[in-house]
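Engineer: Starting from these lines, generate the structure:
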Amino acid sequence: MYRAADVGSYVRKLIVARYNAGDEDALLMANSYVSADLRGVHTHGINLLSTVIDSRFNAGKINPKAEPQDITGRTSYNSFFALFDGNAGFGHRAAQTATERTIKSAKEHGFGLTVVRNTNHYGSAEYYTLQMAEKGLIGFSSCTTVQWGRANEYSNKWLGTDPIAVAFPTSVRIFSFDGATTLIAANNILRAYVQGDMQFPIPVFFNGQWSKDVYKFKDITELRSDGSIPMLGGPGGAEYKGGALCMALELLMHADGTFETRNNFEPPTRHIFAALRPDLQVDADTALRNFANVVKDFRASGESVHVPGDERRKRFEHSNTNGIAYGTGDIEKLHALGRQHNLEDLIPIG
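Structural biologist: Okay, here's the model as predicted:
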């Protein structure tokens, strides 16, 4: 168990030292990762430093001093639409800039839409939609994802299902959902492999068959290059729905009307943000009460109904008070990076 403030401070110092980041970028990234860990979404927490960020930075794909640039151009829709070039900088900076622009547009005009291209991983999509909902807006965000998916046993490895994050303000509390279906599954598989589990959490297609056995793979490189996972719906009859959802989100990611060719595994990184004012038809208070009543009706449909966001909210409240519970592997990987920059290991509180 580690105190959230301690982890945030440690991660901020590490990002400055290791990636030559500015203080503002480092603070934003640290807040994003710790916020995900507080909600129990460890796939998008501090472990991303030793995986996604480290690999992309070492490959020269992140320019730590880049600033996002507004390249919208002159159109009649500038009031609610914006297009940013991330200039290959930290994805968090570009995403935060886009989120603030989207909120401003929605507040002024009722709707805001922002696309970011030429950027990098931005952490948890929910981090940005929650900001929109906290401003009284309906928020949406998504981003491109890696080619981990397979429509069925007869297809080649194809696209992944891009994350779907939505957040609604209500008169009770924010309703939030973040479903990075393909990437979450892929990250959980990678985590299972690294932690030495005997089976993956979902089947992986490899050597012509579906299997959950970890021991079939020689190393993680072989898994990433030759293994694939089922699209949303899973193997056996519902694959087309996952493929169609994947394509719909991929098309939405190109709302600016441009096209970029994908390579074998890593797509060009894009983000999209949208926000809508809920008082377009009725006053804001009535809209928020109505949203709350929709959720209330959903809860009343059965004792075991699970409302998206409930578990994460409870985990956040508990972890914020009692500390974040990290697996040994995650915290050791973080410490291994920190020791390279003379940072003292974090001290657990329980």
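Engineer: burial measure for residue 166, as a count.
Structural biologist: By other CB atoms under 10 Å, 21 other residues sit near residue 166. In this view, the C-beta of every residue, glycine as well, is placed from N, C-alpha and C.
Engineer: what's the answer for residue 306, then?
Structural biologist: 10.
Engineer: where does the stretch 1-150 of the chain dip in pLDDT?
Structural biologist: The stretch 1-150 of the chain contains residues with pLDDT under 70 at 75-77, 150.
Engineer: all helices in it, in order from the N-terminus.
Structural biologist: Secondary structure of the stretch 1-150 of the chain (DSSP state H, counting those that start in this stretch): helices at 4-19, 23-38, 47-48, 54-58, 91-109, 126-134.
Engineer: which secondary structure elements does the last one contact?
Structural biologist: Applying 3 or more CB pairs under 8 Å, 6 or more residues apart in numbering; DSSP states H and E, one finds that helix 126-134 contacts helix 23-38, helix 91-109, strand 138-143, strand 164-168, strand 175-179, strand 271-276.
Engineer: Now do the second one against helix 23-38, angle only.
Structural biologist: For helix 91-109 against helix 23-38, the angle by axes from the mean of the first three to the mean of the last three CA atoms, to 10 degrees is 90 degrees.
Engineer: Can I get helix 91-109 in CSV, CA atoms only?
Structural biologist: Provided in CSV are the C-alpha atoms of helix 91-109 (Å, rounded to 0.1, in the frame of the first residue of the first chain):
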residue,chain,number,x,y,z
GLY,A,91,0.1,12.5,-25.5
HIS,A,92,-1.1,13.8,-22.1
ARG,A,93,-0.2,17.4,-23.0
ALA,A,94,-2.0,17.3,-26.4
ALA,A,95,-5.0,15.5,-24.8
GLN,A,96,-5.3,18.1,-22.0
THR,A,97,-5.1,20.9,-24.4
ALA,A,98,-7.7,19.3,-26.6
THR,A,99,-10.0,18.6,-23.6
GLU,A,100,-9.8,22.3,-22.5
ARG,A,101,-10.6,23.4,-26.0
THR,A,102,-13.5,21.0,-26.2
ILE,A,103,-15.0,22.2,-22.9
LYS,A,104,-14.6,25.8,-24.0
SER,A,105,-16.4,25.2,-27.3
ALA,A,106,-19.2,23.2,-25.7
LYS,A,107,-19.8,25.8,-23.0
GLU,A,108,-20.0,28.6,-25.6
HIS,A,109,-21.8,26.8,-28.5
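Engineer: Offset the numbering so it begins at 53, please.
Structural biologist: From this message on, residue numbering opens at 53, which makes the last subject helix 143-161.
Engineer: Among the helices of the stretch 53-202 of the chain, which comes closest to residue 257?
Structural biologist: Nearest to residue 257 among the helices of the stretch 53-202 of the chain is helix 106-110; the distance by CB to CB comes to 23.7 Å.
Engineer: tell me the contacts of residue 69?
Structural biologist: For residue 69, the contact set (CB atoms under 8 Å, 6 or more residues apart in numbering) comprises 393, 395.
Engineer: Nearest to the spatial middle of this protein, which residue is it?
Structural biologist: residue 176 (3.0 Å; CA atoms, centre = their mean).
Engineer: ok, it - contacts?
Structural biologist: 84, 87-88, 93, 96, 217, 230.
Engineer: All the helices of the stretch 253-402 of the chain, residue numbers only.
Structural biologist: Going by DSSP H, counting those that start in this stretch, the stretch 253-402 of the chain shows helices at 272-278, 291-304, 336-352, 362-374, 380-391.
Engineer: Quick check: mean pLDDT of stretch 348-367?
Structural biologist: When pLDDT is averaged over stretch 348-367, the result is 81.
Engineer: List the buried residues of that stretch.
Structural biologist: 361, 364, 367 (16 or more other CB atoms under 10 Å).
Engineer: Let me know the closest of the residues you listed to residue 337.
Structural biologist: residue 361 (21.7 Å).
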